[in-house]
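Trainee: could you look at this predicted model? Sequence included:
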Amino acid sequence: MSIGPRLTPTEVLLRLGLGTLFGAVLGFDRERQEKPAGLKTLALVGLGGAMAPVVMLHTGSADPNPVSRVIQGVLTGVGFLGAGVIMHRKSSGAVEGLTTAAVIWVVAAVGLAAGMGQFIPAGAATGIALLVLTVGKRLERRLDIERDD
């Protein structure tokens, strides 16, 4: 059972390119902050997030509910990637990497949106995430809140 017409090569490149670009934008911000998941990592997470629905839409699927299965699979898998950057320091009790893990998860969702052709939500989410990262950091400094990203 096909789920619709195949994507044109231009549509494939646009969706993959925007997923990668949106991830790279957030990755650039994380790179400037010298965080473990930077430009390359988040660009690739965005690409991977976009790739799953593009492949599904381009090739068709016999699954009666392919979109939700793709979204569930990508977000679950990326959750494990994010978990890998979270560290608990026994000596101090500090937990590090939560913001980085959250950014990885957001970039995967943005990539999924781009891969589905939902460019406005993907771009808006990228902008909002960038705003949260920059304004949040300044607000934490102003309130003298110490956080380990």
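Mentor: Okay, I see it. Everything numeric here is computed off the predicted structure, so don't read it as measured data.
Trainee: show me the shaky parts of the protein.
Mentor: Regions of the chain meeting the criterion pLDDT under 70 cover residues 1-5, 60-64, 88, 145-149.
Trainee: close enough to count as contact, Glu96 and Arg89?
Mentor: Yes. With contacts defined as C-beta atoms under 8 Å, Glu96 counts as touching Arg89 at a distance of 6.8 Å. Quick note: C-beta positions are derived from backbone N, CA and C, even for glycine.
Trainee: ok, those two, which is more surrounded?
Mentor: Neighbour totals were compared for Glu96 and Arg89, and Glu96 leads with 17 against 10 (other C-beta atoms under 10 Å).
Trainee: what about Gly136, neighbour count?
Mentor: Counted with other C-beta under 10 Å, residues neighbouring Gly136 total 14.
Trainee: quick one, phi psi at it?
Mentor: Backbone geometry at Gly136, expressed as degrees, to the nearest 10, gives phi -60, psi -40.
Trainee: name the element the residue nearest the centre of the chain belongs to?
Mentor: With distances taken as C-alpha atoms, centre = their mean, Val107 lies nearest the centre of the chain, 1.2 Å away. Taking DSSP states H and E as the criterion, Val107 maps to helix 98-115.
Trainee: about what we covered before: contacting residues for the residue nearest to the centre of the chain?
Mentor: Counting by C-beta atoms under 8 Å, 6 or more residues apart in numbering, Val107 touches 22-23, 26-27, 42, 45-46, 49.
Trainee: what about the strands in the protein?
Mentor: Taking DSSP state E as the criterion, the chain carries its strands at 87-88, 95-96.
Trainee: could I get the ones you listed as a markdown table with distance to Leu13?
Mentor: Supplementary listing: the strands of the chain in a markdown table, determined by distance: least, C-beta to C-beta, whole Å:
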| stretch | distance to Leu13 |
| --- | --- |
| strand 87-88 | 37 |
| strand 95-96 | 37 |
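Trainee: deepest-packed of those, please.
Mentor: strand 95-96 (a mean of 14; mean count of other C-beta atoms under 10 Å).
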